[in-house]
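Colleague: model this:
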Amino acid sequence: MSILRAESVTKLFGRKAAEAQRRIGAGAAPKEIRDLGVTAAVVDATFEVEQGEIFVVMGLSGSGKSTLIRMLNGLLEPTSGVIEIDGRDIAKLSGKPLRSLRQDKVSMVFQHFALFPHRSVLENAAYGLEVRGFSKEERAKKAQEFLVLVGLDGWEDKLPGQLSGGMRQRVGLARALCAGTDIILMDEAFSALDPLIRREMQDLLLDLQARLDKTIVFITHDLNEAMRIGDRIAVMREGRIVQIGTAEEILTDPANDYVAQFVADVDRTRVLTAGSVMEKPLVTVPANTGPRTALRTMREHQTSAAFVVSRDRKLIGKVTGTAVADAVQDGVQTLGELIDPETLEPVAPDTPVADLFARCAESDLPVPVTDEDGVLLGVIPRVTLLAALGAINTHVTDVITETDIVEDDARKEGSAVEA
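Modeller: You can find the predicted model right below:
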């Protein structure tokens, strides 16, 4: 369900904004607009943010992302377009209704903390509740709860000047959470922090989001930060949103050359997941089948081992061609003791690709991907893992298949299936 919606939002600065907007509608180039003495900070921005989503707006300096976020809570009025929060067009609100919406629906975390230097950590965290008229006791109790959540238990009586940058940003985050709003806007909230502290704050944000399920619009110029925390990402350039998608979608299917260049240096292994690169499992053996049928299946696919699954597709274990061939010769009628459950280590769909290399190198089968109930969702052959990273050409990927891999494994094991 959408909680925040922007439709065709444009923000122009300059005396000739009306003329500039007319020319933009006619397809004028950015230089033509600048020549008018007008800055096109945001142009025709359209997007929706779902309840409980972390929506990241990413772009270089001057791309319009900070102007956009200031329009989302009414600090700036759009030149044109509609911004709705819970179905209410905030451009049509002013005075008390707008202040009420900000207090009840939207809170903000700033890049440079914006704490009151003369107030204690507890008082800063409780400020939003003070504005809304909560009693001193209620404010203190609520603020204390969120200070504990952000790791500042015991620092309640300190002043901001006594804290490190990372700790001050934790106070800012506690203040936003304590306000109890549905939407939190974060404008370059972590960019002033050292790299290690920045990563700690990213971890904290993800942990808090898992517990509290807030709706967060997060502004950043750091691509790796956007890829790490964003459920979806909007990439901006010269005031326009050029692509919206998940980290995987933007990385694997960039909308244009600008986005492709933007993501060229991203560590793909930390963005892509097992679920995004897995393939349909081609070789599986039902647990209730016999060794002879299992041997026939493995021969057809020229593989030296196969996954064993139950009737409801839950992964049970694996069988090897050697063990099954011996069982056929000995007249064994069921797989039973031939199934090896010990060496299987399935991965979850959200496992980063970076964690799969050792598994792919060591296994005689593709790495299995299962859901939380143990159902086999897919497999990751070695060549698929490499192809996902762009380490081999697409035409090579088309030629090399899972069968090629298992054939190679079969040769290494002395073609056990053919025994």
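Colleague: Report the buried residues of the longest helix along the chain.
Modeller: Among all segments of the chain classified by DSSP state H, the helix with the greatest residue count is helix 195-212. Residues of helix 195-212 classed as buried by neighbour count (16 or more other CB atoms under 10 Å): 197-198, 200-202, 204-205, 208-209. For every residue, glycine as well, the C-beta is placed using N, CA and C.
Colleague: do stretch 360-375 as well
Modeller: Residues of stretch 360-375 classed as buried: 360, 363-370 (neighbour count, 16+ other CB under 10 Å).
Colleague: same question, stretch 268-282
Modeller: Buried positions in stretch 268-282, judged by neighbour count with 16+ other CB under 10 Å: 268, 271-278, 281-282.
Colleague: for that stretch, the distance to its chain's centre please.
Modeller: 15 Å (CA atoms, centre = their mean, to the nearest Å).
Colleague: And stretch 23-37, by the same measure?
Modeller: Relative to the chain's own centre, stretch 23-37 is displaced by 35 Å; criterion: CA atoms, centre = their mean.
Colleague: same question for that stretch, mean pLDDT?
Modeller: Stretch 23-37 shows a mean pLDDT of 89.
Colleague: neighbouring contacts of it?
Modeller: Contacts with stretch 23-37, where a contact means CB atoms under 8 Å, 6 or more residues apart in numbering, come from 10, 12, 14-16, 19-20, 40, 43-44, 238-239.
Colleague: Please, where are all the strands along the stretch 251-400 of the chain?
Modeller: Along the stretch 251-400 of the chain, the segments classed as strands by DSSP state E, counting those that start in this stretch run 284-286, 305-309, 315-320, 367-370, 376-380.
Colleague: could you say which helix or strand contains E249?
Modeller: Using DSSP states H and E, E249 maps to helix 247-252.
Colleague: List of residues touching that helix?
Modeller: Helix 247-252 is contacted by residues 226-228, 230, 233, 235, 243, 259, 263, 266, 268, 271-273, 276 when judged by CB under 8 Å, 6+ apart.
Colleague: Also stretch 345-361?
Modeller: Contacting residues not belonging to stretch 345-361 are listed as 267-275, 277-278, 315, 366-372, 374, 376-377, 380-382, 385, 388-389 [CB under 8 Å, 6+ apart].
Colleague: Next: stretch 326-333.
Modeller: Here stretch 326-333 makes contact (CB under 8 Å, 6+ apart) with 290-292, 295, 335, 338, 419.
Colleague: Closest to L68 out of these?
Modeller: Nearest to L68 among the contacts of stretch 326-333: L335, at 59.3 Å, using CB to CB.
Colleague: Where does pLDDT dip in the stretch 201-350 of the chain?
Modeller: Residue ranges of the stretch 201-350 of the chain with pLDDT under 70: 342-343.
Colleague: List the buried residues for stretch 147-162?
Modeller: Neighbour-count burial for stretch 147-162, counted by 16+ other CB under 10 Å, picks out 147, 149-150, 152, 155-156, 160.
Colleague: let me fix that: stretch 335-347
Modeller: Using 16+ other CB under 10 Å as the test for burial, stretch 335-347 gives 335, 338-339, 344, 346-347.
Colleague: Distance from it to the middle of the chain?
Modeller: Taking the mean of its C-alpha atoms, stretch 335-347 sits 33 Å from the chain's own mean (CA atoms, centre = their mean).
Colleague: Format the CA atom coordinates belonging to it as CSV.
Modeller: This file holds the C-alpha atoms of stretch 335-347, laid out as CSV (Å, rounded to 0.1, in the frame of the first residue of the first chain):
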residue,chain,number,x,y,z
LEU,A,335,17.2,-45.3,-1.9
GLY,A,336,16.9,-45.3,1.9
GLU,A,337,20.4,-45.6,3.3
LEU,A,338,21.9,-44.3,0.0
ILE,A,339,20.7,-40.8,0.8
ASP,A,340,23.5,-38.6,2.2
PRO,A,341,22.0,-35.6,4.2
GLU,A,342,25.2,-34.6,6.0
THR,A,343,27.1,-32.9,3.2
LEU,A,344,24.2,-30.7,2.1
GLU,A,345,24.4,-27.0,3.1
PRO,A,346,21.5,-25.2,1.3
VAL,A,347,21.5,-21.5,1.2
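Colleague: Number the residues from 50 up from this point.
Modeller: Sure thing, new numbering starts at 50, so read that last one as stretch 384-396.
Colleague: quick one, what contacts G177?
Modeller: The contact partners of G177, by CB under 8 Å, 6+ apart, come to 152, 156, 224-225, 227-230.
Colleague: Confirm for me that A309 is in contact with P303.
Modeller: Yes: the pair A309 / P303 is scored as a contact, 4.1 Å apart, by CB atoms under 8 Å.
Colleague: neighbour-wise, which of these two wins?
Modeller: Neighbours per residue (other CB atoms under 10 Å) separate A309 from P303, with P303 holding more: 19 against 13.
Colleague: Wasn't H167 part of a strand?
Modeller: No: with DSSP: H, G, I helix; E, B strand; the rest coil as the criterion, H167 is located in coil rather than a strand.
Colleague: The nearest residue to V131 once chain neighbours are set aside: helix or strand, and which one exactly?
Modeller: Sequence neighbours aside, E56 is the residue nearest to V131 in space, at 4.6 Å (criterion: CB to CB, 6 or more residues apart in numbering). According to DSSP H and E, E56 maps onto strand 51-62.
Colleague: would you turn the buried residues of helix 244-261 into a markdown table with distance to D84?
Modeller: What follows is the buried residues of helix 244-261, written out as a markdown table (distance: CB to CB, whole Å):
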| residue | distance to D84 |
| --- | --- |
| I246 | 43 |
| R247 | 39 |
| E249 | 46 |
| M250 | 42 |
| Q251 | 41 |
| L253 | 46 |
| L254 | 42 |
| L257 | 46 |
| Q258 | 44 |
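Colleague: Now R247. Nearest residue, chain neighbours left out?
Modeller: F239 (4.7 Å).
Colleague: The one you found falls within a strand, correct?
Modeller: No: applying three-state DSSP, one finds F239 to be coil, outside a strand.
Colleague: Tell me if I'm right that it and L253 touch.
Modeller: No: here F239 lies out of contact with L253, judged by CB under 8 Å, at a distance of 9.9 Å.
Colleague: Any idea how many residues pack against N337?
Modeller: So N337, with other CB under 10 Å, has 11 neighbours.
Colleague: about what we covered before: from the contacts of helix 296-301, which land in helices?
Modeller: Reading helices off the contacts of helix 296-301 with DSSP H, I get 275-277, 308, 317, 320, 325.
Colleague: is the nearest residue to P127 once chain neighbours are set aside in a bridge, and if so with what?
Modeller: Computed as CB to CB, 6+ apart, the closest residue to P127 that is not its neighbour in sequence is V58, at 5.0 Å. Beta-bridge partners of V58, counted by DSSP bridges, are A94.
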